[in-house]
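Asks: I'd like to go over a predicted model; first the sequence, then the structure.
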Amino acid sequence: MRLKLTTGGPNKWRRHDVHATCYRRFRRRILQRSRREAPAVSTPLPTGRRCELTFDLDPVCQRLELDSPPRTHDPDQRLLQGKDQETVLDGDVSLRGFVPVPNTSHIISAKEWPVTENLPEQGWMWKAAVQECCHAQQTGSGVRRHDLQPFAVLHKAAVSLQGKSVMKLAAPSLQNDYYTNVLDCSCTGMVALALGSSVHLWNSETQTLVGCLSPQTGRLRHQSVSSLCWSREGSALCVGTRQGEIQLWDVEKNQNIRCLPSHLSVVGALSWKQHLLSSGSVLGRIHHFDPRTPAPLVGAAVQKAGICSLQWSPCDDWLASGSTDGVLHIWDRDIARLTRLKMPVTTMTQPSAVKAMGWCPWRRKTVASGGGWKDGELRIWDTQSGTCVTSISTNSQICSLRWAEAKRYLVTGHGLPHHQVICWNSEFPSLSPVYQFTGHSQRVLHLALNPDCTQVFSAGVDQCCHIWGL
């Protein structure tokens, strides 16, 4: 032991342990090392059993990307996303280049539209399908679902029977988002299915994968597809993204026709009226476009809640729009105005969002709608009087709805508890189930039918696509 004389008080001797000096020196060295390098461990506890934060956060990040639009680092995009209004209304923002709707009644093909020259800058490209042996990719224990190619055959029935599953295909990366519309079949039998940021085309007649529309590298590579719709003649495909962009593709020529920066929010639904295209966003804006003109925006309308379904009637006289607050609006065909004062012709309400909705092809002014998990009612509406003609409880969430004109059937896709597809015999004013297709393990978000209504295509959250025989 050694003694030291202190000067900060009365003269007296204090004892200091030699270990105190060693501890101060050790502490000083630890602090100096922590400033130069990574933080040092000053505790005797072992660190080998400490958990990585990313292990718990990665699955959460993946789930968030499925249900919310991806973030962009582009300054212009951040500026647009900060606005809460879309500039489509007169009285607030003046629109330049307004072109009235031409008074034509014939259907215009994609060949009559002006083709954009700067295709590489738009960030999307056409990819031909890679011919692979899809039949060898089965759902065995050694094959994971996300490793499968889109439309890979998982199961194929030996004999095609009515009311049974004809084929089961893989649909990897299908978004679990109730408010998307990413499956459609053209009048030529071409099935379009959006998986993440890519749109895959599958020929239902030849049962082959034809091609893929996918974004190139760059700032557009994270633009997830939220809606798509075939033109009525089947030559053009319209694709809407979560960033508010609309792409028009000529599938016959495999080229991009035009890029329409339509909305400042997610494009929830699309619908064609002959040569005119209508789109709806989650901010409640409806835009009408004529893609043949230099200034394509020719009309607009506004509703309070977000739009999750949009469809023109078969006679092109009315437009039905379903909103997230359970309101079904019916608009007239006079779209050549950009004003806040345009009002719907008829308004009908139900307890849940109107996402599953469709016009009856053979009954004028008749619309069917399905309720969500809080409702579960299948309703038939008379749009002229605004009343519900008939309704039936399905005791499950109705996620999608399609009319089969050739069979006079109504087809619905459901969620809990059975995740089934039901085919209804619509003999007005009653509804009775004809077939109940079971095979999905999770809710059936999307439905489509081939041109002759002999097959139903269903896509579910279980990342599978079934083909059912009618």
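Replies: Yep, it's here. Numbers count the residues shown, from 1 in each chain.

Asks: Direction included, what does the helix or strand harbouring S426 pair up with?
Replies: If you go by DSSP states H and E, S426 is part of strand 421-427. Strand pairing for strand 421-427, determined by DSSP bridges: strand 409-414 (antiparallel), strand 430-437 (antiparallel).

Asks: contacts for the helix or strand where A368 lies?
Replies: Assigned by DSSP H and E, A368 belongs to strand 366-370. Residues outside strand 366-370 that contact it (Cβ atoms under 8 Å, 6 or more residues apart in numbering): 320, 322, 328, 330, 350, 354-360, 377-383, 389, 394, 398-401, 403, 410, 412, 428. From N, CA and C alone the C-beta is placed, and that goes for glycine too.

Asks: Next SSE downstream of it?
Replies: Downstream of strand 366-370, the next assigned helix or strand under DSSP H and E is strand 377-382.

Asks: Now tell me what touches that following strand from outside.
Replies: 328, 348, 350-351, 360, 365-371, 387-394, 398, 410, 412, 424, 426, 428-429, 431.

Asks: again, only this time at 7 Å
Replies: Residues outside strand 377-382 that contact it (Cβ atoms under 7 Å, 6 or more residues apart in numbering): 328, 348, 350, 365-371, 388-394, 398, 412, 431.

Asks: Quick check: ChimeraX command selecting the buried ones in those residues.
Replies: To isolate the buried ones among these in ChimeraX, judged by 16 or more other Cβ atoms under 10 Å, type:
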select :328,348,350,365,366,367,368,369,370,371,389,394,398,412,431
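
Asks: Just the angle for the strand holding S426 relative to strand 366-370, thanks.
Replies: With axes from the mean of the first three to the mean of the last three Cα atoms, to 10 degrees applied, the angle from strand 421-427 to strand 366-370 works out at 150 degrees.

Asks: ok, of the contacts of strand 366-370, which come out buried?
Replies: 320, 322, 328, 330, 350, 354-360, 377-383, 389, 394, 398-401, 403, 410, 412.

Asks: Return the set of buried residues in the strand holding S426.
Replies: Residues of strand 421-427 classed as buried by neighbour count (16+ other Cβ under 10 Å): V421, I422, C423, W424, S426.

Asks: For the stretch 251-400 of the chain, which segments are assigned as strands?
Replies: Along the stretch 251-400 of the chain, counting by DSSP state E, counting those that start in this stretch, strands occupy 255-261, 267-273, 276-281, 285-289, 297-302, 307-312, 318-323, 327-332, 346-349, 356-359, 366-370, 377-382, 387-393, 398-404.

Asks: among those strands, which is nearest M190?
Replies: Evaluated over the strands of the stretch 251-400 of the chain, closeness to M190 peaks at strand 267-273, with 15.1 Å, by Cβ to Cβ.

Asks: measure C423 to I398 for me?
Replies: Here the criterion is Cβ to Cβ, to the nearest Å. By it, C423 lies 14 Å from I398.

Asks: what's the answer for R285, then?
Replies: 25 Å.

Asks: contacting residues around the residue nearest to T346 when sequence neighbours are not counted?
Replies: Spatially, and ignoring its direct neighbours in sequence, T346 is nearest to I330 (4.1 Å; Cβ to Cβ, 6 or more residues apart in numbering). By Cβ under 7 Å, 6+ apart, the contact set of I330 is W318, A320, P344, V345, T346, T383.

Asks: so the closest residue to the first one other than its chain neighbours bridges to which residues?
Replies: If I follow you right, that is W318. Among residues not flanking W318 along the chain, I330 sits closest, at 5.4 Å (Cβ to Cβ, 6+ apart). Beta-bridge pairing for I330 (DSSP bridges): A320, T346.

Asks: Mind checking the strands of the stretch 251-400 of the chain for the one nearest to S227?
Replies: strand 267-273 (5.1 Å).

Asks: name the helices or strands packed onto the closest one?
Replies: Counting contacts by 3 or more Cβ pairs under 7 Å, 6 or more residues apart in numbering; DSSP states H and E, strand 267-273 packs against strand 225-230, strand 236-241, strand 276-281, strand 307-312.

Asks: Neighbouring strands of that strand in the sheet, and parallel or not?
Replies: Short version: by DSSP bridges, strand 267-273 pairs with strand 276-281 (antiparallel).

Asks: one step back: looking at the strands of the stretch 251-400 of the chain, which has the lowest confidence?
Replies: The weakest mean pLDDT among the strands of the stretch 251-400 of the chain belongs to strand 255-261, with a mean of 86.

Asks: Now it: buried residues?
Replies: By 16+ other Cβ under 10 Å, the buried positions in strand 255-261 come out as N256, I257, R258, C259, L260.

Asks: CA atoms only: put it into PDB for me.
Replies: C-alpha atoms of strand 255-261 as PDB (Å, rounded to 0.1, in the frame of the first residue of the first chain):
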ATOM      1  CA  GLN A 255     -44.700  -2.200 -77.500                       C
ATOM      2  CA  ASN A 256     -45.700   0.600 -75.200                       C
ATOM      3  CA  ILE A 257     -48.400   2.900 -76.800                       C
ATOM      4  CA  ARG A 258     -48.500   5.600 -74.300                       C
ATOM      5  CA  CYS A 259     -47.700   6.600 -70.700                       C
ATOM      6  CA  LEU A 260     -50.400   8.700 -68.900                       C
ATOM      7  CA  PRO A 261     -49.300  10.300 -65.600                       C
END
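
Asks: Looking at the contacts of I330, which one is closest to A194?
Replies: Of all those, A320 has the smallest distance to A194: 22.5 Å, by Cβ to Cβ.

Asks: what ranges of the stretch 101-250 of the chain fall below the confidence cut-off?
Replies: Scanning the stretch 101-250 of the chain for pLDDT under 70 picks out the ranges 101-124, 128-146, 215-222.

Asks: Quickly note the distance from the residue nearest to T346 to K355.
Replies: 17 Å.

Asks: In three-state terms, label S441 for me.
Replies: Assigned by DSSP: H, G, I helix; E, B strand; the rest coil, the conformation of S441 is coil.

Asks: how about it, what does it touch?
Replies: S441 makes contact with H419, D462, according to Cβ under 7 Å, 6+ apart.

Asks: quick one: it from E405, how far?
Replies: 30 Å.

Asks: now Q247
Replies: Q247 is 29 Å from E405, by Cβ to Cβ.

Asks: Tell me which of the two has more neighbours.
Replies: Counted by other Cβ atoms under 10 Å, Q247 and E405 do not tie: Q247 has more neighbours, with 23 against 14.
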